[in-house]
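S.K.: Provided below for reference: sequence and predicted model.
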2 protein chains.
Amino acid sequence: MGKFKIQITMTLDGYVAGPNQSVKNPLGEGADRIHDWARATKFLRELLGSGEGGDTGLDDQVLRESFANVGATIMGRNMFGGGPGPWGDGSWKGWWGDNPPFQTPVFVLTHYAREPLVMEGGTTFYFVTDGIESALKQARRAADDKDVALGGGANVAQQYLNAGLIDQLTLHLVPMFLGGGERLFDGIDAKKVSLEVVDLVHSPVVTHLRYQVKK
Amino acid sequence: MGKFKIQITMTLDGYVAGPNQSVKNPLGEGADRIHDWARATKFLRELLGSGEGGDTGLDDQVLRESFANVGATIMGRNMFGGGPGPWGDGSWKGWWGDNPPFQTPVFVLTHYAREPLVMEGGTTFYFVTDGIESALKQARRAADDKDVALGGGANVAQQYLNAGLIDQLTLHLVPMFLGGGERLFDGIDAKKVSLEVVDLVHSPVVTHLRYQVKK
């Protein structure tokens, strides 16, 4: 069985998204720049189809490796591009475009049922309404013996961490501040969750910290 | 002129002290353990007079180096062991004991004036009532060409960071959560403060991240 892992970019003040998230501004105000390091890599440029070139150094390598063995992905409804309430006429396909970068089955946690959404490039969104454990079970089945990646956001990560279900956490720590927004580690149960460092590397713009969750 | 630097232990969820700080429990509930890594070092055991032995590995070396060139220290009143209100009969000498580990002049930021307090081992507490810039000026004069260390707590660190006065920040990041308490980076002005990584090392129990503040 593969690992259940999360990798996420966080600021020094603990934010993974800025204030006032919306469909037009999915990461909230001021938060675009926290992912500059990733957008600069050749790997993500290829994946997002955002043009030739891109850096091929350490950050590219880290990102490439972390996507390498992923067989399924889980995310919260906000990360898909949802928002509160039912799905309306079902024409909204999230904010990842026609060819999302996941290229795996993606299990979206939501309160509102919806038919699966087949996208280009190997991504299919499945909408899971019966909780985090069910989503993980379905994702593990889809991933076969590959890893399951948790995409985010913060609230979903907190639920999985507190439930003791995550195996590995990679923080891409950027030396920036947001001063407000969504913190990755709000509401972590300090009595239940404990980590240890596996390894870490850094480029001038980001530090990659890989932790194992103690079981 | 030396550097003005801060080194502080922080949890993954951003806390430098737990909830319900008091004179009996200066770091708040559950927060003693975040400094276990430091208390285990030979350097701190010697400095605190807490017994023979102690680890002499990487963590010891990092701590030793960070204290090496310090000529003066600044801290907030809570870190001295104050609490709100005037000083009463002046018999309270803080919670650092007769021989505090600073062994330099220490400038304590407070709203209430008080005569200097000469302790054993080279520590003298001076009480500064006219603000952070005055404290830094006095500390720089006392440090001569050595460094000035900011002890904490969080609120004082935030004031100095937002004022653009700090040169270097070392985070001892422990893979623990507190779930509540005092966060180091609450209220940092994201538009004003920006850092870059200088270097980092880690032991199994703590990651030492050294940043330079961009001017």
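M.R.: Right, received. Where do you want to start?
S.K.: isn't A:Asp199 right up against A:Gln212?
M.R.: No: assessed by CB atoms under 8 Å, A:Asp199 is found out of contact with A:Gln212, at 10.0 Å. C-beta coordinates here come from the backbone N, C-alpha and C atoms, glycine included.
S.K.: of these two, who's got more company?
M.R.: Shown here are A:Asp199 and A:Gln212; by other CB atoms under 10 Å in any protein chain shown, A:Gln212 has more neighbours (17 against 11).
S.K.: against A:Asp13, how distant is that one?
M.R.: Distance of A:Gln212 to A:Asp13, given as CB to CB, to the nearest Å: 25 Å.
S.K.: distance of A:Leu161 from chain B?
M.R.: 9 Å (CB to the nearest CB, to the nearest Å).
S.K.: give me phi/psi at that residue?
M.R.: phi -60, psi -50 (degrees, to the nearest 10).
S.K.: excluding sequence neighbours, find me the nearest residue to it.
M.R.: Nearest non-adjacent residue to A:Leu161, counting by CB to CB, 6 or more residues apart in numbering or on different chains: A:Val193, 5.3 Å away.
S.K.: how many other residues sit next to the one you found?
M.R.: 23.
S.K.: that's a strand at A:Lys24, yeah?
M.R.: No: according to DSSP: H, G, I helix; E, B strand; the rest coil, A:Lys24 belongs to no strand; its state is coil.
S.K.: pretty sure A:Glu133 sits against A:Ala163.
M.R.: Yes: taking CB under 8 Å as the definition, A:Glu133 is a contact partner of A:Ala163 at 7.4 Å.
S.K.: who's more crowded, the two?
M.R.: Ranked by neighbour count (other CB under 10 Å), A:Glu133 and A:Ala163 place A:Ala163 first, with 15 against 12.
S.K.: what about the nearest residue to that one once chain neighbours are set aside, distance to chain B?
M.R.: Closest residue to A:Ala163 apart from its sequence neighbours, by CB to CB, 6+ apart: A:Ile132 at 6.5 Å. Separation of A:Ile132 from chain B (CB to the nearest CB): 19 Å.
S.K.: tell me, how many residues neighbour A:Ile132?
M.R.: 19.
S.K.: got the phi and psi for it?
M.R.: Torsion angles, degrees, to the nearest 10, at A:Ile132: phi -70, psi -40.
S.K.: so what's A:Val70 bridging to?
M.R.: A:Asp147 (DSSP bridges).
S.K.: secondary structure element for the residue most central in space within chain A?
M.R.: Chain A has A:Gly151 as the residue nearest its centroid, 1.9 Å off, counting by CA atoms, centre = their mean. Assigned by DSSP states H and E, A:Gly151 belongs to strand A:147-152.
S.K.: who are the packing partners of that strand?
M.R.: strand A:4-11, strand A:70-76, helix A:132-143, helix A:154-162 (3 or more CB pairs under 8 Å, 6 or more residues apart in numbering or on different chains; DSSP states H and E).
S.K.: just the CA atoms of the first one, as PDB, please.
M.R.: Only the C-alpha atoms of strand A:4-11 are listed here, as PDB (Å, rounded to 0.1, in the frame of the first residue of the first chain):
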ATOM      1  CA  PHE A   4      -1.000   9.100   2.200                       C
ATOM      2  CA  LYS A   5       0.900  12.300   1.900                       C
ATOM      3  CA  ILE A   6       0.400  16.000   1.800                       C
ATOM      4  CA  GLN A   7       2.700  18.600   0.300                       C
ATOM      5  CA  ILE A   8       1.800  22.300   0.600                       C
ATOM      6  CA  THR A   9       3.300  25.700   0.500                       C
ATOM      7  CA  MET A  10       3.200  27.700   3.700                       C
ATOM      8  CA  THR A  11       4.400  31.100   4.700                       C
END
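S.K.: can you point out the buried residues in it?
M.R.: Across strand A:4-11, burial judged by 16 or more other CB atoms under 10 Å in any protein chain shown covers A:4-11.
S.K.: can you redo the residues you listed as CSV with distance to chain B and pLDDT?
M.R.: As requested, those are exported to CSV (distance: CB to the nearest CB, whole Å; pLDDT from 0 to 100):
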residue, distance to chain B, pLDDT
A:Phe4, 18, 98
A:Lys5, 16, 97
A:Ile6, 13, 97
A:Gln7, 15, 95
A:Ile8, 12, 95
A:Thr9, 15, 96
A:Met10, 9, 97
A:Thr11, 8, 96
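S.K.: just checking the distance from the strand holding A:Gly151 to the centre of its chain.
M.R.: Relative to the chain's own centre, strand A:147-152 is displaced by 6 Å; criterion: CA atoms, centre = their mean, to the nearest Å.
S.K.: tell me the mean pLDDT over that strand?
M.R.: The average pLDDT within strand A:147-152 is 94.
S.K.: so how far is the first residue of stretch A:175-186 from its last?
M.R.: End-to-end distance of stretch A:175-186: 19 Å, with CA to CA, to the nearest Å as the criterion.
S.K.: and for stretch A:30-47?
M.R.: 23 Å.
S.K.: contacts for stretch A:108-118?
M.R.: With CB atoms under 8 Å, 6 or more residues apart in numbering or on different chains as the test, stretch A:108-118 has contacts from A:74-77, A:79-80, A:82, A:85-87, A:90, A:93-94, A:124-129, A:131-132, A:135, A:156.
S.K.: now, of the residues you listed, which are buried?
M.R.: A:74-77, A:79-80, A:82, A:87, A:94, A:125-128, A:132, A:135, A:156.
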